[in-house]
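> Dropping a prediction and its sequence here:
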Amino acid sequence: MITRTNHVWSTDITYVALARGFVFLVSVIDWYSRCVLSWRLSNTMDMSFCIEALEDAFQFGKPEIFNTDQGSPNQQHPVPGCGLRIRLCVLGLEFLEILREVCP
């Protein structure tokens, strides 16, 4: 049960169709408050915009659990030095690498 802010955050990447192509949208959301903590747009799948969104979200604190969408349920991996448990999916492996970079 999620009982407070910064208990569980989630992230996802999607694309937004435009008149001439598309852009990628990444967002970080707090499940308890249902607030979008940060988001970024990019015209490439470069990890830098994901890192920027996550770093920006850290101004609100750090979650105990960081969930990524689409995948293997209940796979949890600790991130050393971050104090986070990550629920991973196949695409979520990218975010595990991002967290390892952001949280020394």
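That came in fine, so what should we check first? Numbers count the residues shown, from 1 in each chain.

> Please name the residues that touch the nearest residue to Trp31 once chain neighbours are set aside.
Nearest residue to Trp31 in three dimensions, chain neighbours excluded: Val8, at 4.4 Å (C-beta to C-beta, 6 or more residues apart in numbering). Bear in mind the C-beta positions are built from the backbone N, C-alpha and C, glycine included. With contacts defined as C-beta atoms under 8 Å, 6 or more residues apart in numbering, Val8 is in contact with Ile2, Asp30, Trp31, Tyr32, Pro63, Glu64, Ile65, Phe66, Asn67.

> go again using 10 Å as the cut-off
Ile2, Ile29, Asp30, Trp31, Tyr32, Pro63, Glu64, Ile65, Phe66, Asn67, Arg85, Arg87 (C-beta atoms under 10 Å, 6 or more residues apart in numbering).

> which residues pair with it across the strands?
As for beta bridges, Val8 partners with Ile65 under DSSP bridges.

> What pLDDT is listed against it?
Val8 carries a pLDDT value of 86.

> Name the spans of the chain whose pLDDT lies under the cut-off.
Within the chain, the stretches with pLDDT under 70 are 69-104.

> Please repeat the previous calculation with a cut-off of 80.
Low-confidence regions of the chain, defined by pLDDT under 80, span residues 46-48, 51, 67-104.

> where along it do the helices fall?
48-57, 92-102 (DSSP state H).

> Can you say which two of the contacts of Val8 are spatially most distant?
Using C-beta to C-beta, the two most remote members of the contacts of Val8 are Ile29 and Arg85, lying 16.8 Å apart.

> In terms of neighbours, single out the busier of those two.
Ile29 (18 against 15; other C-beta atoms under 10 Å).
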